[in-house]
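> My questions concern the predicted model and sequence given below.
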Amino acid sequence: MKRRTDCDLTATRMIFSPQWQAGSRPLLTFSGKGFRVHSHQTIVSTLQEIARRYPAEQVSSQLDDVPRMAFNIELVQQTVAPSSLCDVGGGIGIFSAACASLGIKATLIDDFGDAINSICGDRALDLHRSCGVSVVQRDVVNEGFDFPPSQFDCISCFESMEHWHGSAKRVLHGMVNSLRSGGALIISVPNCVNLRKRITVPLGRGKWSPMESWYEAPVFRGHVREPDTDDLRYIARDLGIKDVRVIGRNWVGFQSPNALIRLLTRVSDPCLRFISEPVREYLPDRNQTLNRVPPRGSDN
């Protein structure tokens, strides 16, 4: 198949981190060749039902992650309403399984090298397969993305790129090439200069990762680089994307074992989301981007 032309890419839209509130409106999702409207509650219920089918030791953590996953699904479907989606680096997370259960043809690609995979084995991935997810084991950094052109309506990469031990350039170009006309690329990464770090680093608290995970583990799987907003815009320019949006949300604090941090997050998160956008994108703990591929032959 012919590779996408430059004029196709220049109108591609890229978003780094959702800004609207999950559940603020119903979704349009593909079901076969038609659309089906899913309410926020339907998405949450689907996620909860799947979470309870995980191995017993994983149920609690998956249920805790339902709000974030519901938000990500709404982001995807409000943006592109995909009939096909590839989730890169999703591991045993619930996102791709829920997408498949909601009628999207979902592919999950990961090297499945995290410690949790050794603990759970194939049990969690068997759940994904039972939901209809096509599971592909591949190290995309070393082996490449390696899907045909114009394969997917949407490609997502949530909280994965910061772990890659190697340049993301070849992988991201492969992702864009595998998007269909009108498709979307959504990337979510930690923000290396979020508000919490701006406060805690001057106080002497802000280590990049636990010492044990870097020094004691045979293979370091922690964060190699957490992009900031300028990094994300650099990536967009390299991909030839001119319509770029960077928006953010705060998720880590909601799951903190510290009750005070959870309370402060509940208070601060709505405030941060209503701050003017030029400031807002620099403060959240997570930034996401969306790239939209225009119709073939478009000059916009």
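Structure's in. What do you need? Numbers count the residues shown, from 1 in each chain.

> got the buried residues for stretch 194-204?
Of all the residues in stretch 194-204, those buried under the rule 16 or more other CB atoms under 10 Å are 194, 195, 196, 197. Where C-beta positions appear, they are placed from N, C-alpha and C, glycine not excepted.

> Then stretch 146-160?
147, 150, 151, 152, 153, 154, 155, 156, 157, 158, 159, 160.

> Just the terminal-to-terminal distance for it.
Start-to-end span of stretch 146-160 (CA to CA, to the nearest Å) is 17 Å.

> Need the distance between the two termini of stretch 50-60.
End-to-end distance for stretch 50-60, by CA to CA: 12 Å.

> can you list contacts of it?
62-63, 65-66, 92, 94, 97-98, 101, 116, 119-120, 123-124, 127, 131 (CB atoms under 8 Å, 6 or more residues apart in numbering).

> try it again with 7 Å
62, 63, 66, 94, 97, 98, 101, 120, 123, 124, 127, 131 (CB atoms under 7 Å, 6 or more residues apart in numbering).

> which residues are in contact with stretch 115-135?
By CB under 7 Å, 6+ apart, stretch 115-135 touches 50, 53-55, 58, 92, 96-97, 100-101, 106-108.

> Just the buried subset of these, please.
Buried residues within the contacts of stretch 115-135, counting neighbours by 16+ other CB under 10 Å: 50, 54, 58, 92, 96, 97, 100, 101, 106, 107, 108.

> Surely the third one is in a strand?
Spelled out, that is residue 58. No - the assignment for residue 58 by DSSP: H, G, I helix; E, B strand; the rest coil gives helix, which leaves it out of any strand.

> any idea how far residue 123 is from it?
According to CB to CB, to the nearest Å, residue 58 stands 9 Å off from residue 123.

> before we move on, the earlier item: from the contacts of stretch 115-135, which ones fall inside strands?
106, 107, 108 (DSSP state E).

> Might one say that the first one is in contact with residue 94?
So the one you mean is residue 106. No - with contact defined as CB atoms under 7 Å, residue 106 does not reach residue 94; the gap is 11.5 Å.

> For stretch 217-224, buried residues please.
Buried residues in stretch 217-224, counting neighbours by 16+ other CB under 10 Å, are found at 221, 223.

> sorry, that was for stretch 164-173
Neighbour counts over stretch 164-173 (16+ other CB under 10 Å) mark 164, 168, 171, 172, 173 as buried.

> Give me the mean pLDDT for that stretch.
The predicted model gives stretch 164-173 an average pLDDT of 94.
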